[in-house]
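S.K.: coords below, sequence missing:
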């Protein structure tokens, strides 16, 4: 595989040609916020709009999870235009996400709690009016709780259920602000197949799906890898 | 399984004979089935999912995405509350709330006796009559909560009259 050299935030990096900017950055210890992308997936849904970066020579910011690296590329993860887009996207998510971290079972694994300080955005959004969804919490499963109010519609659970496990029992339903991750007929999660499986819980970044004891395994989210200096 | 459900499955299977097992046929199939049954019952969606070889949730996702598909059987009388711009300004939501309260159902639902189904529309083109509710394809003007009571009372009287005549 051909390797190319590029610069991210002033750091010179060698990477495989065609690899996405997001993975190259994370592998080299540079964090770019992201929610929706799973590394083993062939394609990123590019749904969360948080991984915007600026690339020299392009007049608009691009999503790092879909942008392949090319020779001589110069990437800036801290560009004002990119950060503005990412911040707004994050504020829109948080405007309908209940901020009750003190008694949220997922606070230790919550990705939103990590993204907020990185983007320098408060959890309680001031700029936008809060719009709570007021949906019922599904605690029918013996293993986990599903709180659709905390869902950011990243689609990770949907991907895992469908592509990794080949089950396809949960997916998006309804439209617009009513859009939720649901089972067929909006039935409780404790139905036969969902009660035996909790794989979706391990990939949820926002606490919408969480284990009842607040512990349980959580898959490592896409965090930067610090390379040892040698 | 009730007789109605068995009938729904048979009708759906009959309609599916005209289609190939292509995923792209999902919406035409749903339209055809709804055209025949009046709505998309659970059992029909499951048959369609099996036919196309896709998860049932994918059918459900499409059905709940598009306004044209209904999950509830149509009632004898259809109530369509306009929430277009003019009706919105003149209190369309008040009319909708009145209907919801009187019929004890939510928008998109049907009363258990299948007499009425309630839904919203975005402008029916007679904004001077706002707020409008289209009752059985007839637009009703200036629908306030008292008018809702009036309309429902006229249906009740009609029903009483019909049952007396039948006796």
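M.R.: Perfect, I can see it now. Note that the structure is a prediction, hence the values are computed from the model and not measured.
S.K.: And the strands in chain A, which stretches?
M.R.: With DSSP state E applied, chain A shows strands at A:3-8, A:11-16, A:52-55, A:62-63, A:74-76, A:144-146, A:170-173, A:180-183, A:209-211, listed in chain order.
S.K.: Of all these, which one is nearest chain B?
M.R.: Closest approach to chain B among the strands of chain A is made by strand A:170-173 (4.3 Å; CB to the nearest CB). The way it works is simple: take the backbone N, C-alpha and C, and place the C-beta from them, glycine included.
S.K.: Just give me how far the closest one sits from the chain centre.
M.R.: Distance of strand A:170-173 from the chain centroid (CA atoms, centre = their mean, to the nearest Å) equals 17 Å.
S.K.: By mean pLDDT, flag the weakest helix or strand of chain A.
M.R.: helix A:192-195 (a mean of 74; mean pLDDT, DSSP states H and E).
S.K.: which residues touch it?
M.R.: A:141, A:142, A:143, A:167, A:169, A:170, A:183, A:189 (CB atoms under 8 Å, 6 or more residues apart in numbering or on different chains).
S.K.: Among those, which ones are in helices?
M.R.: For these, not one is inside helices, with DSSP state H as the criterion.
S.K.: Among the residues you listed, which ones lie close to chain B?
M.R.: The subset of those within reach of chain B, by CB under 8 Å from any CB of the partner chain, is A:167, A:169, A:170, A:183.
S.K.: Out of those residues, who's the most crowded?
M.R.: residue A:170 (24 neighbours; other CB atoms under 10 Å in any protein chain shown).
S.K.: beta partners for that one?
M.R.: When bridges are called by DSSP bridges, residue A:170 pairs up with residue A:183.
S.K.: my read: it touches residue B:55, true?
M.R.: No. The criterion here is CB atoms under 8 Å, and residue A:170 misses it with residue B:55 at 9.1 Å.
S.K.: Chain neighbours aside, what residue packs nearest to residue A:213?
M.R.: Using CB to CB, 6 or more residues apart in numbering or on different chains and skipping residues adjacent in sequence, the residue nearest residue A:213 is residue A:105, 8.0 Å away.
S.K.: In this structure the one you found contacts residue A:209, no?
M.R.: No. Taking CB under 8 Å as the definition, residue A:105 is not a contact partner of residue A:209, at 10.4 Å.
S.K.: Spatially central, which residue of the chain would that be?
M.R.: Let's take chain A. residue A:35 (0.9 Å; CA atoms, centre = their mean).
S.K.: The intended chain is chain B.
M.R.: Using CA atoms, centre = their mean, the most central residue of chain B is residue B:74, at 4.7 Å.
S.K.: give me every residue that touches that residue.
M.R.: So residue B:74 contacts B:38, B:39, B:110, B:114, B:117 (CB under 8 Å, 6+ apart).
S.K.: now swap in residue A:54 and tell me
M.R.: A:61, A:62, A:75, A:76, A:77, A:79, A:81, A:82.
S.K.: is it in a bridge, and if so with what?
M.R.: Residues in beta-bridge contact with residue A:54 (DSSP bridges): residue A:76.
S.K.: Measure how buried the one residue in chain A that gets nearest to chain B is and give me the count.
M.R.: Closest residue of chain A to chain B, CB to the nearest CB: residue A:168 (3.3 Å). Number of residues near residue A:168 (other CB under 10 Å) recorded here: 18.
S.K.: For residue B:5, which non-adjacent residue is closest in space?
M.R.: residue B:43 (5.0 Å).
S.K.: Let me see the ranges of the helices in chain A.
M.R.: A:21-27, A:80-95, A:112-119, A:156-159, A:192-195, A:199-203.
S.K.: Okay, domains of chain A per the record?
M.R.: Using automatic domain parsing, the domain parsing of chain A gives A:3-89, A:96-211.
S.K.: Please tell me the pLDDT value assigned to the residue of chain B found nearest chain A.
M.R.: Relative to chain A, the nearest point of chain B is residue B:55 (3.3 Å; CB to the nearest CB). With respect to pLDDT, residue B:55 scores 94.
S.K.: and chain A, which residues reach chain B?
M.R.: Residues of chain A found near chain B (CB under 8 Å from any CB) are A:162, A:167-175, A:182-185.
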